[in-house]
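In: predicted model follows, preceded by the sequence.
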Amino acid sequence: MRRLGLRAARRKRERRRFTPRRFLLSSRLTQLILAANLVGLAILVAGALAMNRFEDGLIQGKVDNLASLAATITTVMGERATGQGQASELDIDNARQVLRGVNVPRDWRVRLHDRSGQVVADTAQLDDDIEVGALDPIQTEETPPAPRRDRWRDSADAWLQSVFQDLPWREARRNRMRRDLKADVRTALTGDPVTGAHYDEADTLVVSATLPVTRVQQVLGAVTVESRDVSGIVNAERRALAPIIGLALAMALLSSFALILFITLPMRRLAKASERVARNPQNYDVIPDLSYRRDEIGDLSVVMRDMTRGLYNRVDDIANFAADVAHEIKNPLTSLRSAADTLRVARTDADREKLIAIISQDVARMTRLITDISDASRVDANLARDTAQTLDVGEVVGNIAAFYRQTRSGTGPSVVDESALGAPVYIRAFETPFAQVLRNLIDNALTFSPEGGTVRIGASADERTVSISVTDEGPGIPPGNLETVFERFYTQRPEGATFGSHSGLGLAISRQIVAAHKGRIWAENRMDASGNVVGARFTVELPRQTQGGGPSAPRRMRS
């Protein structure tokens, strides 16, 4: 079952590998950006629309005002609109006169109930004021319609109000606070005041205060004072917040679009370019250069370009290396086959001995080739696994020169250390590969130096770099081959050298190692005063360690 799951996941990844890019708005990154910017705004808008604390404070203030007015009315009625003694009764006419004399604010309503709970006076019916004002114009076919902006605003306001009122929690709140005026009046007739906010049958918020009308301790009726303007005030405040909410929404959208423009779109460009490279390796230069951004995405584009270029350069190098290996091995194999075929028909022992020597020489040549090819193919892997250390250049050069002096045989060339660094000079390098570079250069110089000659190795340094040079007294390098000598399998045999004794990989491996150390290597000819070539010089230049000042704990070098 686990294998089936792994296979299904692998097939899913393969199907996804070259699928068309998704639309911009369906991108997960785009959706996250929009969500991150709009969620906070939605919370702000919901809080502004709800305005629960403002509404609760307004209701509480309104209840206090209504209760104060109701208390004043009941006190006056208890003194002026009731009879005397134990047979006190509510004087309806005097009570109505009291209500007419009360300055009731607009949108407020006062009702008087008798002992049975019936309404006996109502300011909505007692008010004989006449409102005077201009009537709305008569609408005809020629009447111009209202401005479109006003119509849209009214429609949007009505839609928002309807949506807000239809929210489940708002509907549950209305049902929970449904008004029962008769129950409030019955409670007040028992002597207990009733105040609070409720919703009537039309779902209008009504704030009311119902207080008993008493004479001494006798309850003669009840007065209800109510107000219906709380919803209008809250809605007006919500409408006043509309421009602020609109501005916040516009800024959230602009912020989202800016993030999409500067983050999502560049990432999509990089993804598309990477997909094109995966489809066709010849298009590895299509990855956009975003280094001008000077941010993480710009750094990512630079790294992707360098990584892709390095990867395909490595692929090309491997292909060329394989072709060169096949070519170099083909020569000794051809010689082996020819010698083996000739050996079968050789008639004399001298001929057979000669052919056997040729076969042995070709076998040794192939062995040397295979060994050097194996070393060259493992250079990158060894460098990736190795750890860079702080090395004293003078100490390393001195140790290598001492090794060659101790192993010198006969009248062969000698190795002389001419370094004059004085104070210690340090570099960050892989110790074994760095020593291999110096050995390859010295071995190459010894090969071309005459009997009794001298190979000189020296080191110098400035504030930023360290230079190590190896010179010989040989015939020098043809001017046209100063770069060619670093190519794989290039060989220039010195006079008298055995054919096939050099694989032509030593200098190529040296350049590969030096490049991994962020340095460079080059060759040049040494000239005397007359302009004659008196030898060759190979120079290695590496960055100097300018911080730390000495050996420290090893750390991996970035290659």
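Out: All right, it came through fine. Numbering: from 1, shown residues only.
In: how's the protein carved up into domains?
Out: Domain assignment for the chain, taken from automatic domain parsing, gives 51-122+147-228, 296-377, 386-543.
In: which residues of the stretch 201-350 of the chain fall in helices?
Out: Counting by DSSP state H, counting those that start in this stretch, the stretch 201-350 of the chain has helices at residues 230-259, 265-279, 296-345, 349-377.
In: can I get the ones you listed in a markdown table with distance to Q31?
Out: Yep, even glycine has a C-beta here, placed from its N, CA and C like the rest. Shown next, in a markdown table, are the helices of the stretch 201-350 of the chain (distance: least, Cβ to Cβ, whole Å):
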| stretch | distance to Q31 |
| --- | --- |
| helix 230-259 | 10 |
| helix 265-279 | 14 |
| helix 296-345 | 19 |
| helix 349-377 | 47 |
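In: low-confidence ranges in the stretch 351-500 of the chain?
Out: Scanning the stretch 351-500 of the chain with the threshold set as pLDDT under 70 gives 372-373, 375-385, 489-500.
In: can you give me the helices in it?
Out: Going by DSSP H, counting those that start in this stretch, the stretch 351-500 of the chain shows helices at 379-385, 393-406, 431-448.
In: mean neighbour count, the ones you listed: which tops it?
Out: Counting by mean count of other Cβ atoms under 10 Å, helix 431-448 has the highest mean neighbour count of those, with a mean of 20.
In: list the contacts of stretch 287-302.
Out: 262-263, 266-267, 269-270, 273-274, 277, 304-305, 308 (Cβ atoms under 8 Å, 6 or more residues apart in numbering).
In: emit the ChimeraX select command for whichever of these are buried.
Out: Isolation of the buried members of the contacts of stretch 287-302 (16 or more other Cβ atoms under 10 Å) is achieved in ChimeraX through the command below:
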select :263,266,267,269,270,273,277,304,305,308
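In: ranking helices and strands of this protein by mean pLDDT, which lands last?
Out: Least confident helix or strand, the chain: helix 2-17 with a mean of 54, by mean pLDDT, DSSP states H and E.
In: how about the domains of the chain in CSV, adding distance to G246?
Out: Listed next are the domains of the chain as CSV, based on distance: least, Cβ to Cβ, whole Å:
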stretch, distance to G246
domain 51-122+147-228, 10
domain 296-377, 32
domain 386-543, 57
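In: how close does A402 get to P543?
Out: According to Cβ to Cβ, to the nearest Å, A402 and P543 sit 26 Å apart.
In: ah, wrong one, I meant G422
Out: Distance, G422 to P543, using Cβ to Cβ: 20 Å.
In: and those two? Which one has more around it.
Out: Higher neighbour count among G422 and P543: P543, with 14 against 8, using other Cβ atoms under 10 Å.
In: A461 is in contact with that one, correct?
Out: No. Applying Cβ atoms under 8 Å as the test, P543 and A461 come out as separate, 10.8 Å apart.
In: beta partners for H113?
Out: Beta-bridge partners recorded for H113 (DSSP bridges): V119, A222.
In: how much space between it and M77?
Out: 12 Å.
In: tell me, what's touching those two both at once?
Out: 221, 223.
In: pLDDT below threshold where in the stretch 51-200 of the chain?
Out: Using pLDDT under 70, the stretch 51-200 of the chain drops low at 51-54, 81-87, 126-167, 169-170.
In: what segments of it are helices?
Out: 52-80, 92-101, 123-126, 148-165, 168-176, 181-189.
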